[in-house]
Each structure stands twice: as C-alpha cells, then as structure tokens.
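Asker: With the input below, show me the fold.
(one chain, ligands or ions: 1)
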Amino acid sequence: MALLELKNVSKSFGSGPSQIDVLSDINLSVHEGEFVAIVGFSGSGKTTLINLINGLLFPDKGEVLLHDQRITGPGPDRGVIFQNYSLLPWLSVYSNVKLAVDEAFTHLSEKERAAHTDQYIDMVNLTPARDKKPSELSGGMRQRVSVARALAMNPEILLMDEPLSALDALTRGSLQEEIIKIWSQDKKTAILITNDVDEGILMADRIIPLTPGPKATLGPEFNVPFDRPRDVTEINKDPEYKKLRNEILEYLIEVGATRRQVSDQKYILPDLQPTMPGRIIFKKKKKKETVKYF
Ligand SMILES: Nc1ncnc2c1ncn2[C@@H]1O[C@H](COP(=O)(O)OP(=O)(O)OP(=O)(O)O)[C@@H](O)[C@H]1O
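Answerer: Modelled structure (predicted):
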C-alpha cells in the first residue's frame with residue numbers, strides 16, 4: 001500500500017468568471033522511503049499541490065490519502081520546508097527548532113526535548129549559531145534551520161516546496177548534499193518541489209513533471225537510475241544523465257509549447273540551460289544571470 005496517495009485530485013480558486021482551475025485530475029502514489037521530485041513551471045500550481053498534501057488546502061474533487069485515510073489538516077506526520085524559511089524572527093535558532101519539538105513531543109521531558117533540539121541543530125552544522133536570531137544568519141543558514149526544524153519533528157513525510165531556489169549556487173549545492181545525507185540516514189519519504197531538473201536528478205528516485213496550468217496535471221514519470229550516494233561530478237559525466245535530462249527537458253519544452261498555442265498565458269520554463277560537457281549550468285532565479293555551478 002502506498003504511504004501517500006492522490007486520487008483524481010482537482011483544485012480551483014474563486015468562482016464564476018474569475019475561477020482559476022489550478023490542478024486537474026492529479027494522480028500520485030508515493031511509497032515509504034521514496035524520494036519523489038515534482039518539476040514544474042512557474043505558477044503552475046506546485047505550492048497548491050504541496051498545500052493539498054500538507055492539509056492546508058482540500059481538493060474540490062478527488063482525495064488525498066495518508067495511510068489510506070483522508071487528510072483532514074496539517075499534522076506532525078508531515079514536515080514542510082518552504083522557500084522563504086518561515087522562521088520566527090524574534091526567536092533564536094534553538095528556540096525556532098525547540099518550538100516545533102515541544103509541539104511534536106509533548107510526552108518527552110523538558111530535558112529530553114532540549115537534547116533532541118540540540119541534536120538536530122548539530123545535524124545541520126549550526127551549533128555555533130545556536131543562539132543567533134534569523135536576521136544574523138545567511139540565507140543558507142536560515143534554510144538549514146528550516147531543515148532542522150522539519151526533521152526534528154520526525155515526520156513521516158518531508159515536503160519541500162522549492163526549498164533551495166532562493167539560494168546562491170554554491171549554498172544550494174551544499175544544502176542539496178546535506179539534505180540528501182540526512183535523508184539517507186533517516187530514510188524519510190520525501191517530496192521535493194523544484195523548478196530545477198538537475199536538482200531533481202541529483203536528489204530523487206523519480207521525477208514527475210507538473211504540466212503548465214490552468215488545469216495542471218502530472219505528466220509521465222521518469223525514473224532516476226543512479227545509485228546512492230550520488231557523486232554530482234560522476235553523474236554529470238554519465239551519458240545516462242544527459243539522456244535522462246534531455247528527455248525530461250524535451251517533455252517540458254514540448255508541453256510548454258503546446259500550452260502556449262492554446263492559451264495567452266505566459267509560462268516560465270524551469271531554470272535551465274542546455275548541458276555543456278562536464279558541467280551543470282542553471283540560471284539564478286532572481287538576477288537572471290547565468291551561473292556556472294561547477
Ligand atoms: N489562495 C488562492 N486564491 C486564489 N488563487 C490562488 C490561491 N493560491 C494560488 N492561487 C493561484 O493558483 C495558481 C497556482 O499558484 P501556486 O502558488 O500553486 O503556483 P506555483 O507553481 O507554486 O507558483 P511559483 O512557481 O510562482 O511558486 C496561480 O495562478 C495563483 O495565483
């Protein structure tokens with residue numbers, strides 16, 4: 001039995017002429033321990049999809065099931081890492097993580113909760129910054145706090161909504177590795193929303209494209225055949241990697257072009273550049289400049 005299942009899920013916002021049909025007929029099964037990446041176009045409904053799984057939104061049609069039970073709201077069984085860190089600015093690193101630990105582990109003593117908090121802060125290498133406030137941290141450090149906070153709650157599923165897209169290329173690369181390292185230790189089920197195909201190939205077992213909206217739906221899945229731990233340099237040299245990357249890209253470009261012919265809406269393709277031999281190249285999201293990753 002799948003751990004998480006979305007069956008014929010559709011979601012719209014608004015009503016009458018202003019109704020936006022964001023997601024349509026989404027079907028997805030995720031098994032325990034799997035790492036699934038959903039790669040989508042800007043504005044296609046990726047966050048809506050994560051919020052449906054998190055229980056912050058409910059489908060208009062279809063159902064979202066966890067352990068075969070309908071999701072009725074957010075719960076500690078699902079840990080979310082957002083793009084914008086969502087830390088409480090007036091609390092220290094320790095207190096931001098501890099707050100979540102206190103909520104999730106009411107049966108533990110204060111001493112045990114404090115030790116658990118410190119363990120996860122250490123896991124993301126933030127012990128030296130334990131007493132700092134978010135404003136005193138870099139973007140990468142803030143995202144590490146979010147990772148620690150989500151994992152410290154020991155969720156069954158880790159939901160990541162473009163967690164690294166606001167970071168610079170180097171920080172992004174090192175956090176990708178850290179998340180994967182922690183994920184392999186705990187073997188959590190993970191769903192990563194990303195607009196970066198390379199990130200999906202490096203991190204996930206399966207990549208599933210989300211087609212452009214309105215009525216975005218999941219496209220055919222692509223299995224990632226590389227063994228773990230994955231060495232980014234080795235993968236990058238592997239002809240299988242280039243083939244897989246091109247297949248996913250071709251699908252996204254084709255589906256994007258088809259949608260443009262039937263709609264005036266402009267879609268922004270995932271941040272991608274053609275592969276140069278031996279390197280991954282992508283565009284920085286905000287500054288619109290091309291950055292060499294390796
Ligand atoms: N609460 C809401 N009310 C009305 N419209 C909404 C709401 N949430 C999302 N939308 C609309 O649904 C569409 C998809 O939004 P969503 O944030 O899910 O896309 P996304 O793929 O995550 O976007 P991005 O790539 O910019 O992060 C957008 O047109 C958005 O304006």
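Asker: my guess is Ala166 contacts Phe82, does it?
Answerer: No - with the criterion set as C-beta atoms under 8 Å, Ala166 and Phe82 do not qualify as a contacting pair; they are 10.0 Å apart. Any C-beta I mention is one placed from the backbone N, CA and C, and that applies to glycine too.
Asker: Tell me where the model's unsure across the chain.
Answerer: For the chain, the stretches flagged by pLDDT under 70 are 85, 259-294.
Asker: near the ligand, which residues of it show up?
Answerer: Contact residues (C-beta under 6 Å from any ligand atom) of the chain with the ligand: 13-14, 20, 22, 40, 42-48.
Asker: Strands of the stretch 1-150 of the chain, start to end?
Answerer: Assigned by DSSP state E, counting those that start in this stretch, the strands in the stretch 1-150 of the chain fall at 4-13, 20-30, 35-40, 61-66, 69-70, 78-81.
Asker: Span of stretch 209-226 from start to end?
Answerer: Taking C-alpha to C-alpha, to the nearest Å as the measure, stretch 209-226 stretches 19 Å from start to finish.
Asker: neighbours around Ala104, how many?
Answerer: Taking other C-beta atoms under 10 Å as the neighbour definition, Ala104 ends up with a count of 19.
Asker: Isn't it up against Pro76?
Answerer: Yes - assessed by C-beta under 8 Å, Ala104 is found in contact with Pro76 at 4.5 Å.
Asker: can you list residues touching both of those two?
Answerer: Taking C-beta atoms under 8 Å, 6 or more residues apart in numbering as the contact rule, the neighbours common to Ala104 and Pro76 are 153-154.
Asker: and the closest residue in space to Asn8 that isn't next to it in sequence, how many residues sit next to it?
Answerer: Of all residues not flanking Asn8 in the chain, Gly62 sits nearest, at 3.8 Å (C-beta to C-beta, 6 or more residues apart in numbering). Counted with other C-beta under 10 Å, the neighbours of Gly62 add up to 18.
Asker: pretty sure Gly62 is touching Ser10, no?
Answerer: Yes - at 6.0 Å, Gly62 and Ser10 qualify as touching, with contact defined as C-beta under 8 Å.
Asker: anything in contact with each of the two?
Answerer: Shared contacts of Gly62 and Ser10, counting by C-beta under 8 Å, 6+ apart, come down to 25-26.
Asker: May I ask which helix or strand encompasses the closest residue to Glu240 other than its chain neighbours?
Answerer: What sits nearest to Glu240 in space, not counting adjacent residues and going by C-beta to C-beta, 6+ apart, is Pro225, at 6.2 Å. Per DSSP states H and E: Pro225 is located in neither a helix nor a strand.
Asker: gap between Pro225 and Ala2?
Answerer: When C-beta to C-beta, to the nearest Å is applied, the distance between Pro225 and Ala2 equals 22 Å.
Asker: quick revisit: report the two of the residues of the chain next to the ligand separated the most.
Answerer: Farthest-apart pair in those is Gly14 and Gly40; separation 20.8 Å (C-beta to C-beta).
Asker: Please compare these two by neighbour count and tell me which comes out ahead.
Answerer: Neighbours were tallied for Gly14 and for Gly40 using other C-beta under 10 Å; the higher tally belongs to Gly40 (26 against 10).
Asker: beta partners of that one?
Answerer: Leu210 (DSSP bridges).
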